[in-house]
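>>> Next input, structure requested:
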Amino acid sequence: MPPSRIVTTNGIKLSVHEAVSGPAVVLLHGFPGIAFTWRHQIPEFVAAGYRVIVPDLRGYGKSDAPTAVEDYDIAHLTADLVGLLDALSIPKAVFMGHDWGGLLAWQMPLFHEDRVAGVIAVNTPFIPHWMLWLHPELVKAVLPDGQSFVADPKVDPIAQMRGIYSPEMYVLKFQNGKSADTAMDKDPRGTLRASYRKDLGTPKDWGNLPAEVANMEYYGKPLPEKLPGKDVLNAQELEHYVQQSNPAGFTPAINWYRNISRNWKAGLDVDQNIHVPSLMISAENDVVLRPSMTDQMGAYVKDLEKHVVPDCWHWTPEEKPQEVNRLAVSWLSRRFPPY
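Residues are numbered from 1 along each chain as shown. Here you go, the predicted model:
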């Protein structure tokens, strides 16, 4: 990782790693990650001739963590990135995001298209109006036999999710008080190790999994003595995540989820078409962000290239860095050649 420095943007301070060279690429980590998520991508992108900017996003790592829930809505999150570009005198950048960082990367051209050269999404498909967790691929496993469901983009997605999933479903649990925050903060190391797992089944297994798995009851529960699957992080990497965690605990990061309804409302009258060149890198065995969920993306993302990384679960930048680097650098070199 290149050294970090503090950049003031949108009224807060972000911890930002930067390596300067060529067209700008901003790397956006997901939940519960930090800039360290991209440790395998940074040197490859720099060697290929790109200026790489990697922040700990608002509420994460060594960046500021405001206390108000609404300080984590999409208006604030996207304004942080616009202010970051302003502070670095960058007119436009490619935004590359994984997990929640992917959601944020897709929102940038909806709200600030003039600052976006392109988008690279890792695992996270573009689903208009925050209907991601209501995709038919996910809800069919929890619906009673014979029942069907079609998401309504004009209805609050959280309200729709409450009618489908159990209250313990992680996105809903995050809406219902802070019991999940408290449980996760009791054992940050255990929470992170339990989060960063791989080899936990495939989308084909989804319909045969226990109800609590199909309902995505992931966070805020007692950790089992033996974790399923395999570790993504080695001991040194896990320790770095623990040591770099935000002093405010997991609540600021969880607050991103607590703004889904507010984000949906903010985008109701916003054109949901993506008008910038885009690359979608899916992971074959991600059971939530499935490759099949990208099938309809072409209707909204006109300039779209798609690839699937085989034998990979959710943490693609860290599980399969060589494949991610190869696909991303190839696309960047063709669409935004280095100077």
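>>> What helices and strands are in contact with the host helix or strand of residue 236?
Taking DSSP states H and E as the criterion, the element that holds residue 236 is helix 235-243. Where contact means 3 or more Cβ pairs under 8 Å, 6 or more residues apart in numbering; DSSP states H and E, helix 235-243 is packed against helix 188-195. For the C-beta atoms, the positions are set from N, CA and C on the backbone; glycine is no exception.
>>> tell me the SS of the nearest residue to residue 168 once chain neighbours are set aside?
Excluding the flanking residues, the one nearest residue 168 by Cβ to Cβ, 6 or more residues apart in numbering is residue 217, at 4.2 Å. Here residue 217 is coil, with the state taken from DSSP: H, G, I helix; E, B strand; the rest coil.
>>> Next: residue 5.
strand.
>>> Tell me who's in contact with the closest residue to it other than its chain neighbours.
Setting aside the residues directly before and after it, residue 5 is nearest to residue 16 in space (Cβ to Cβ, 6+ apart), at 6.1 Å. Neighbouring residues of residue 16 by Cβ atoms under 8 Å, 6 or more residues apart in numbering: 4-7, 35, 53-56, 84.
>>> Provide a list of residues in contact with residue 212.
166, 168.
>>> now do residue 136
In this structure, residue 136 makes contact with 149-150, judged by Cβ under 8 Å, 6+ apart.
>>> Let me know the pLDDT of it.
Here the pLDDT value assigned to residue 136 is 93.
>>> From residue 285, how far out is it?
From residue 136 across to residue 285, the span is 19 Å (Cβ to Cβ, to the nearest Å).
>>> Residue 124 now?
15 Å.
>>> quick one, which of those two is more surrounded?
residue 124 (27 against 22; other Cβ atoms under 10 Å).
>>> and the spatially closest residue to the more buried one that is not a sequence neighbour, what element?
Counting by Cβ to Cβ, 6+ apart, residue 102 is the residue found nearest to residue 124 once chain neighbours are left out, at 2.6 Å. Element membership for residue 102, per DSSP H and E: helix 100-111.
>>> list the helices and strands that helix packs on?
Applying 3+ Cβ pairs under 8 Å, 6+ apart, we find helix 100-111 packed against strand 24-28, helix 74-87, strand 93-98, strand 116-122.
>>> bridging residues for the residue nearest to residue 5?
Here residue 16 sits in beta bridges with residue 5, residue 55, as judged by DSSP bridges.
>>> I'd say residue 126 and residue 300 touch.
Yes: counting by Cβ atoms under 8 Å, residue 126 touches residue 300, with 6.1 Å between them.
>>> Which one of the two is surrounded by more residues?
Taking other Cβ under 10 Å, residue 126 and residue 300 do not tie; residue 126 has more neighbours (26 against 17).
>>> what about the spatially closest residue to that one that is not a sequence neighbour, distance to residue 317?
Nearest non-adjacent residue to residue 126, counting by Cβ to Cβ, 6+ apart: residue 106, 4.7 Å away. Using Cβ to Cβ, residue 106 is found at 17 Å from residue 317.
>>> now swap in residue 157 and tell me
26 Å.
>>> more crowded one of these two?
Ranked by neighbour count (other Cβ under 10 Å), residue 157 and residue 317 place residue 317 first, with 26 against 22.
>>> wait, what's in contact with the more buried one?
By Cβ under 8 Å, 6+ apart, the contact set of residue 317 is 37-38, 40-41, 98, 122, 324.
>>> again, 6 Å this time
Residue 317 sits next to 37, 98, 324 when contact means Cβ atoms under 6 Å, 6 or more residues apart in numbering.
>>> I'd say the first one and residue 29 touch.
It stands for residue 37. Yes: if you go by Cβ atoms under 6 Å, residue 37 and residue 29 touch, sitting 4.1 Å apart.
>>> on that earlier part again, averaged over its residues, what pLDDT does the helix holding residue 102 have?
On average, helix 100-111 scores 98.
>>> Between helix 74-87 and that helix, find me the angle.
Relative orientation of helix 100-111 and helix 74-87, computed by axes from the mean of the first three to the mean of the last three Cα atoms, to 10 degrees: 80 degrees.
>>> which residues are contacting helix 100-111?
28-31, 74, 77-78, 95, 97, 116, 119, 121, 124, 126, 256, 270, 274, 276.
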